[in-house]
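[1] Provided below are the primary sequence and the corresponding predicted coordinates.
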Amino acid sequence: MSAITLEGVEKWFGEAQVIKGIDLEVEPGEFVVFVGPSGCGKSTLLRMIGGLEEISRGRLLIDGRDATAEPPSKRGLTMVFQSYALYPHMTVAENMGFSLKTAGAPRDEIGRKVAAAAEVLKLEPLLERQPKDLSGGQRQRVAIGRSIVRDPTAFLFDEPLSNLDAALRVEMRYEIAKLHQRLQKAMIYVTHDQVEAMTLADRIVVLDAGRIAQVGTPRELYERPADRFVAQFIGSPKMNVMPCRPRGESWEEAGVRGGGGAPAGAVELGVRPEHITLGSVGEGACDGTVDVVEYLGADTFLVVDAGDLGRITVRISGETARRPGERVGLVFDPQRLVFFGEDGRAV
C-alpha cells in the first residue's frame with residue numbers, strides 16, 4: 001500500500017488552473033522530490049497534500065484511506081517550512097514538544113519523544129536554549145525535530161534550506177539524508193535547487209506549468225530525459241541543444257558535421273557539457289571560438305561560440321588551460337546524444 005496516492009488531482013483558483021491532473025504514488029519510506037521552475041505549482045501541490053490548500057478535483061489517499069476532505073490535523077502528516085516558525089519565548093525542548101502538549105500528551109511521553117528526536121538530530125546540548133541563541137542550521141533542525149516527535153506517516157518539506165548559506169545547505173542536506181535513513185519514513189521535498197533534488201531523492205518529480213513532465217530516479221532523468229524541458233532543467237550546466245536533421249544514417253544542420261544513429265523525426269540534437277571533448281579545428285562535430293573560461297578547481301567550463309549553433313558549454317578538467325579567443329573543434333560522444341522532435345519530446 002502506498003503511503004500517499006494522488007489520483008487526478010487538480011487545483012483551480014477561479015478560472016485559472018494551476019495543478020492539472022496529477023497522478024502519483026509515494027511508497028512508504030520513499031524520498032520524493034518535487035522540482036521545477038518558479039510558478040510550476042510544486043509548493044501548491046505540497047500544500048494540497050498537507051491540507052493547507054483545498055483539492056479542487058481528484059482524490060488524495062493516505063495509507064489507503066481517502067483523506068481528500070480531511071483537515072490537516074487528521075492526515076497524520078507534518079510540514080517543515082522555509083521559515084522556522086519557532087516560538088521565541090520557548091526553549092528548544094518546549095518548541096519541539098509543543099504540539100504534543102497541546103494534544104494533551106502526558107509529560108513523561110513528551111519528554112521521552114523530545115529526547116529521542118534530539119538524539120537523532122544532535123540537539124541534546126541545545127535543549128535549554130532559546131531560538132535567538134541558535135544558528136540558522138540549528139533552528140532548522142529544531143523545526144525538523146518538532147515534526148519528528150509527532151511520528152507522522154510522512155514528512156513534507158517546503159524549501160527548508162532556502163534561508164541558509166551555501167555551507168549550511170550542504171551540511172543540512174547531509175543531515176536530512178541521514179535522517180531519512182534512520183526514520184525510514186516517506187518524505188516529499190520541494191526545492192528549486194536541482195543539486196538538492198539529485199543528491200536527496202529516490203525519485204524526482206519534474207513539474208512544468210502544473211503538469212508532471214517526468215518522474216524517475218535522478219540517473220533516469222539525467223541520462224534519459226523525456227523531453228527538452230527536462231533535459232535542460234536537470235543538469236548543471238544545462239544540456240546543449242542545437243538544430244539538426246537526419247540525412248540517411250547521419251545528422252547535420254547549421255554547421256554540425258554528421259554522425260551515426262539519428263532517429264527519424266529528429267529536429268534537435270542534445271549533448272551534455274561533459275560529453276564533449278576538445279579537438280583540432282576541423283575535427284569532430286563543429287568548430288568554435290572559446291568565449292568565456294570559468295575555472296572551478298577540479299573542473300573548467302568553456303563557453304564556446306559556435307556561430308549559427310550558438311554558445312556551447314563544455315566541461316573539461318580544471319588542469320586543462322584554455323584562453324578566450326582560441327579556436328577549437330568540438331567532438332561529441334556519439335553514444336551520449338539525445339534527439340528531440342518537433343514537439344520537444346525525445347525521439
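    Happy to help now that I have it.

[2] strands paired with the host helix or strand of V32, and their directions?
    Using DSSP states H and E, V32 falls within strand 31-35. Using DSSP bridges, the strands paired with strand 31-35 are strand 186-191 (parallel), strand 203-208 (parallel).

[3] residue closest to the middle of the chain?
    The residue lying closest to the centre of the chain (Cα atoms, centre = their mean) is A197, at 2.9 Å.

[4] residues contacting the longest helix anywhere in the chain, please?
    Longest helix of the chain, by residue count under DSSP state H: helix 166-183. Helix 166-183 is contacted by residues 31, 120-121, 135-137, 140-141, 144, 148, 157, 160-161, 164, 187, 189, 193, 196, 199-200 when judged by Cβ atoms under 8 Å, 6 or more residues apart in numbering. Any C-beta I mention is one placed from the backbone N, CA and C, and that applies to glycine too.

[5] between that helix and strand 186-191, how many degrees?
    If you take axes from the mean of the first three to the mean of the last three Cα atoms, to 10 degrees, helix 166-183 sits at 160 degrees to strand 186-191.

[6] so in the protein, where's the weakest helix or strand by average pLDDT?
    strand 250-251 (a mean of 53; mean pLDDT, DSSP states H and E).

[7] give me the helices and strands touching whatever helix or strand comes next after it, please.
    The helix or strand immediately downstream of strand 250-251 is strand 268-271, counting by DSSP H and E. Judged by 3 or more Cβ pairs under 8 Å, 6 or more residues apart in numbering; DSSP states H and E, strand 268-271 is in contact with helix 228-233, strand 240-243, strand 338-340.

[8] got JSON lines for the ones you listed, with distance to V9 too?
    Shown next, in JSON lines, are the helices and strands packed on strand 268-271 (distance: least, Cβ to Cβ, whole Å):
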{"stretch": "helix 228-233", "distance to V9": "21"}
{"stretch": "strand 240-243", "distance to V9": "31"}
{"stretch": "strand 338-340", "distance to V9": "29"}
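
[9] D108 is nearest to which of the ones you listed?
    The closest of those to D108 is helix 228-233. By Cβ to Cβ, the value is 49.4 Å.

[10] save the helices and strands packed on strand 268-271 as CSV, and put in mean pLDDT too.
    Below are those laid out as CSV (pLDDT from 0 to 100):
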stretch, mean pLDDT
helix 228-233, 94
strand 240-243, 90
strand 338-340, 91
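
[11] mind checking which of those is nearest F332?
    Among the helices and strands packed on strand 268-271, strand 240-243 comes nearest to F332, with 9.1 Å by Cβ to Cβ.

[12] partners of the closest one in the sheet?
    Paired strands of strand 240-243, with direction, are strand 268-271 (antiparallel) (DSSP bridges).

[13] list the first helix or strand encountered after the partner strand toward the C-terminus.
    The helix or strand immediately downstream of strand 268-271 is strand 276-279, counting by DSSP H and E.

[14] buried set for that following strand?
    By 16 or more other Cβ atoms under 10 Å, the buried positions in strand 276-279 come out as I276, T277, L278.

[15] stretch 266-278 now?
    For stretch 266-278, burial by neighbour count (16+ other Cβ under 10 Å) applies to A266, V267, E268, L269, G270, V271, R272, P273, H275, I276, T277, L278.

[16] widest-spaced pair of the residues you listed?
    Taking Cβ to Cβ, no two of the buried residues of stretch 266-278 sit farther apart than V267 and L278, at 26.9 Å.

[17] returning to what we had before: Serialize the buried residues of stretch 266-278 to TSV and add fields for distance to A285 and pLDDT.
    As requested, these are arranged in TSV below (distance: Cβ to Cβ, whole Å; pLDDT from 0 to 100):
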residue	distance to A285	pLDDT
A266	15	85
V267	17	86
E268	14	89
L269	9	89
G270	12	93
V271	8	94
R272	14	96
P273	14	96
H275	11	95
I276	8	95
T277	10	93
L278	12	93
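
[18] contacting residues around D66?
    Residues counted as contacts of D66 (Cβ under 8 Å, 6+ apart) are R59, L60.

[19] got the phi/psi numbers for it?
    The phi and psi torsions at D66 (degrees, to the nearest 10) take the values phi -80, psi 110.

[20] could you report the distance from it to L127?
    Separation of D66 from L127 (Cβ to Cβ, to the nearest Å): 39 Å.

[21] what do you get for I55?
    Distance of I55 to L127, computed by Cβ to Cβ: 38 Å.

[22] between those two, which one's more packed in?
    More crowded of I55 and L127, by other Cβ atoms under 10 Å: I55, with 21 against 18.
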